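K.L.:
Sequence first, predicted model second:
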Amino acid sequence: MPSASTNTKSPASRLDHPRPLRIALGRQLTEADHSGDALARTSASHLASALVALQRRLGLPPAPSIAVAVAPGPHRSVYAWTVATLPGVSSLQLCPGFRGDGESVTPELLLHVLGQLLADAANGIRSDLHLREAAQRAEDALATEVARMRAVCGPAQPH
């Protein structure tokens with residue numbers, strides 16, 4: 001009987017195809033272009049650096065562009081874009097409210113999960129400096145997005 005470890009992927013192996021990171025980056029890039037918001041651009045820059053670190057880890061050249069389509073969702077939202085799609089691969093419905101009071105996931109939660117996945121992988125392979133860099137950049141992107149939402153929605157918003 002195979003052991004449980006042979007049936008599950010390590011956090012590091014889940015990063016071989018960083019779809020959620022690409023989706024988060026595509027959304028932030030579009031938000032920055034749409035709003036002109038410097039914090040959205042900074043958050044996107046952190047995510048782009050995380051993706052480049054993962055690509056270097058895999059021996060891949062940095063991707064010249066992120067093919068993620070984003071669109072407004074069916075519900076009114078503080079976010080201009082709540083549907084993100086990596087064409088032909090996956091789609092993610094983002095929650096229209098920063099408090100997560102609707103269905104789907106908030107952009108902040110997506111960034112938090114990405115950061116935690118990368119941090120877990122980096123802690124599991126301490127010698128992997130690319131994973132450490134990607135984890136730090138994801139944390140920076142989250143902190144920047146929280147600051148952006150506080151600036152947009154007021155201080156009583158995301159913590």
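P.N.:
All right, it came through fine.
K.L.:
I'd like to know how far D33 sits from P61.
P.N.:
D33 sits 24 Å away from P61 when distances are taken as C-beta to C-beta, to the nearest Å. Bear in mind the C-beta positions are built from the backbone N, C-alpha and C, glycine included.
K.L.:
So between those two, which is more surrounded?
P.N.:
Set D33 next to P61 and count neighbours by other C-beta atoms under 10 Å: D33 wins out with 14 against 8.
K.L.:
How much space separates the more buried one from I125?
P.N.:
Counting by C-beta to C-beta - D33 and I125 are separated by 35 Å.
K.L.:
same thing with A50?
P.N.:
Relative to I125, A50 is positioned 16 Å away (C-beta to C-beta).
K.L.:
With neighbour numbers in mind, choose between the two.
P.N.:
A50 (29 against 15).
K.L.:
C-terminal to the host helix or strand of the more buried one, what's the next element?
P.N.:
Taking DSSP states H and E as the definition, A50 sits inside helix 38-57. Per DSSP H and E, helix 38-57 leads on to strand 69-71 as the next helix or strand towards the C-terminus.
K.L.:
Just name whatever secondary elements that following strand is in contact with.
P.N.:
helix 19-35, strand 83-86 (3 or more C-beta pairs under 8 Å, 6 or more residues apart in numbering; DSSP states H and E).
K.L.:
shaky segments in the protein?
P.N.:
1-18, 63-67, 78-81, 86-91, 95-103, 155-159 (pLDDT under 70).
K.L.:
pull the longest helix from it.
P.N.:
Counting by DSSP state H, the longest helix found in the chain is helix 129-153.
K.L.:
Buried by neighbour count: which residues of that one qualify?
P.N.:
By 16 or more other C-beta atoms under 10 Å, the buried positions in helix 129-153 come out as 130-146, 148-150.
K.L.:
try stretch 30-41
P.N.:
Buried residues in stretch 30-41 (16+ other C-beta under 10 Å): T30, E31, A32, S35, D37, L39, A40, R41.
K.L.:
which two in the residues you listed are spaced the farthest apart?
P.N.:
Pairwise distances among those were taken by C-beta to C-beta; the largest, 14.4 Å, belongs to T30 and L39.
K.L.:
Wait, a strand at G73?
P.N.:
No. Under DSSP: H, G, I helix; E, B strand; the rest coil, G73 falls outside any strand and is assigned coil.
K.L.:
what separates the residue nearest to it when sequence neighbours are not counted from S35, distance-wise?
P.N.:
Nearest in space to G73, with sequence neighbours left out and distances taken as C-beta to C-beta, 6 or more residues apart in numbering, is T82 at 3.4 Å. Distance of T82 to S35, computed by C-beta to C-beta: 14 Å.
K.L.:
Much appreciated, bye for now.
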